[in-house]
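Chemist: Only the shape, not the letters, is given here:
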């Protein structure tokens with residue numbers, strides 16, 4: 001039976017002393033980190049917390065602030081590799097939208113782990129407009145079109161302000177025939193993304209932002225539906241009582257899924273290069289092609305462009321290139 005440990009990302013996700021007290025009874029070690037370097041407890045709770053640190057039940061990992069999350073997480077993963085016993089399964093609890101990157105780095109370093117993504121403490125209040133779950137969006141083609149359009153729209157400076165211009169915009173960005181574009185327009189209105197006044201429209205900024213911030217490319221098997229921290233801790237207590245997967249089965253599963261969700265290295269390098277250009281990224285598709293040919297002379301640039309478009313990293317609306325938020329690994 002493999003050992004278990006818990007890794008807490010404390011950024012906007014601070015567990016109470018009672019939560020930690022419940023967990024130290026079930027897990028031999030809790031690992032805590034906060035890339036922002038902040039940590040706050042009452043004096044009374046700090047006394048008990050200091051005892052856990054002294055006995056090794058709680059370990060505070062060092063962090064380094066960097067522009068790229070990959071580098072911050074790499075420091076954490078390096079310490080885990082040195083501290084964890086072989087075959088230890090790590091339960092990761094985080095409210096960070098970038099936590100999928102942490103999971104990828106851990107798996108790439110042969111650490112078995114699972115992620116519970118919880119609600120950000122700063123965003124715990126319920127939104128006025130509820131949007132469909134990621135699972136539902138993935139299964140409904142028209143909802144995926146709505147998501148793709150919201151991604152593109154979030155990066156556009158000018159937005160449609162009439163029904164006709166909205167329909168034309170949907171047709172151009174999603175490359176749809178008029179009938180399907182009209183259906184998408186209707187869904188944008190019904191889903192409260194667009195508010196209609198006769199022939200005039202405007203966009204509900206908060207709802208549009210919610211849609212644009214969804215990450216359909218994340219590892220859906222690992223992203224548990226958002227829950228609060230108390231529920232996540234309760235689930236961890238239950239999980240601690242269950243036996244771990246047998247080593248042979250666990251190794252077979254690790255071998256099967258070790259390459260799942262990896263980002264193509266060339267695409268990753270493209271994202272980094274384009275990020276460095278900031279507002280100077282090419283808007284013309286041919287200018288982007290020429291730039292990629294200069295940057296990657298040995299790569300098949302036509303195939304690379306095709307893959308970037310198919311994966312939703314960039315959009316070509318017939319006039320200019322639109323860069324998705326996914327291009328920047330957010």
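Modeler: Ah, there it is. Worth saying up front: this structure is predicted, and the values here are computed from it rather than measured.
Chemist: From here on, just use CA atoms for contacts and neighbour counts.
Modeler: Will do.
Chemist: would residue 113 count as being in a helix?
Modeler: No - applying DSSP: H, G, I helix; E, B strand; the rest coil, one finds residue 113 to be strand, outside a helix.
Chemist: contacts for stretch 169-189?
Modeler: Contacts to stretch 169-189, defined as Cα atoms under 8 Å, 6 or more residues apart in numbering, come from residues 142, 145-146, 148-149, 152, 160, 166-168, 194-196, 315-318.
Chemist: chain center to it: distance?
Modeler: 27 Å (Cα atoms, centre = their mean, to the nearest Å).
Chemist: Report the rounded mean pLDDT for that stretch.
Modeler: What stretch 169-189 shows for mean pLDDT is 92.
Chemist: Now it: buried residues?
Modeler: 169-174, 176, 180-182, 184-185, 187-188 (16 or more other Cα atoms under 10 Å).
Chemist: just to revisit the earlier point, please, a PyMOL command that selects the buried ones among the contacts of stretch 169-189?
Modeler: In PyMOL syntax, the buried subset of those is picked out as below (16+ other Cα under 10 Å):
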select buried, resi 142+145+146+148+149+152+160+166+167+168+194+315+316+317
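Chemist: For residue 211, pull up the helix or strand it's in.
Modeler: In this assignment (DSSP states H and E), residue 211 forms part of helix 205-212.
Chemist: Neighbours of the closest residue to residue 85 other than its chain neighbours, how many?
Modeler: Distances taken as Cα to Cα, 6 or more residues apart in numbering place residue 3 nearest to residue 85, at 7.7 Å, with adjacent residues excluded. Residue 3 has 16 neighbours, counted by other Cα atoms under 10 Å.
Chemist: Check residue 140 too.
Modeler: Using other Cα under 10 Å, residue 140 has 10 neighbouring residues.
Chemist: So what does it look like in phi/psi?
Modeler: Per-residue torsions, residue 140: phi -110, psi 110 (degrees, to the nearest 10).
Chemist: Specify the local secondary structure of residue 170.
Modeler: Following three-state DSSP, residue 170 is assigned to helix.
Chemist: Tell me how far it lies from residue 144.
Modeler: Between residue 170 and residue 144 the computed distance is 13 Å (Cα to Cα, to the nearest Å).
Chemist: what do you get for residue 287?
Modeler: Computed as Cα to Cα, the residue 287 to residue 144 distance reads 29 Å.
Chemist: go on, residue 83?
Modeler: 42 Å.
Chemist: and what of residue 193?
Modeler: Taken as Cα to Cα, the span from residue 193 to residue 144 is 14 Å.
Chemist: Between those two, which is the more surrounded one?
Modeler: Using other Cα under 10 Å, the more surrounded residue of residue 193 and residue 144 is residue 193, with 24 against 16.
Chemist: residues contacting that one?
Modeler: Counted by Cα under 8 Å, 6+ apart, residue 193 has contacts 203-205, 207-208.
Chemist: hmm, which two among the residues you listed are most spread apart?
Modeler: Longest distance between any two of the contacts of residue 193 is 8.2 Å, between 203 and 207; criterion Cα to Cα.
Chemist: where are the low-confidence patches of the stretch 101-250 of the chain?
Modeler: 120-129, 215-229, 231, 233-235, 237-250 (pLDDT under 70).
Chemist: Would you mind measuring from the residue located most distally from the centre of the chain to residue 162?
Modeler: Relative to the centre of the chain, and counting by Cα atoms, centre = their mean, the farthest-placed residue is residue 198 at 37.4 Å. Look at residue 198 and residue 162: by Cα to Cα, they are 9 Å apart.
Chemist: repeat for residue 91
Modeler: For residue 91, the distance to residue 162 equals 49 Å [Cα to Cα].
Chemist: neighbour count winner among these two?
Modeler: Shown here are residue 91 and residue 162; by other Cα under 10 Å, residue 91 has more neighbours (20 against 16).
Chemist: Got phi/psi on that one?
Modeler: Dihedral angles (degrees, to the nearest 10) for residue 91: phi -90, psi 110.
Chemist: Show the contacting residues for it.
Modeler: 4-7, 113-116, 236.
Chemist: helix/strand/coil for the closest residue to it other than its chain neighbours?
Modeler: Excluding the flanking residues, the one nearest residue 91 by Cα to Cα, 6+ apart is residue 6, at 4.7 Å. Classification of residue 6 by three-state DSSP places it in strand.
Chemist: With residue 299 instead?
Modeler: Three-state assignment for residue 299 (three-state DSSP): coil.
Chemist: Enumerate every residue touching it.
Modeler: Residue 299 touches residue 293, counting by Cα under 8 Å, 6+ apart.
Chemist: Check the gap between it and residue 293 for me.
Modeler: Applying Cα to Cα to residue 299 and residue 293 gives a distance of 8 Å.
Chemist: shared neighbours of these two, which are they?
Modeler: Contact criterion Cα under 8 Å, 6+ apart; no residue bridges residue 299 and residue 293 by contacting each.
Chemist: how near is residue 117 to residue 141?
Modeler: 25 Å.
Chemist: Pick out whichever of these two has more residues nearby.
Modeler: Neighbour totals were compared for residue 117 and residue 141, and residue 117 leads with 23 against 11 (other Cα under 10 Å).
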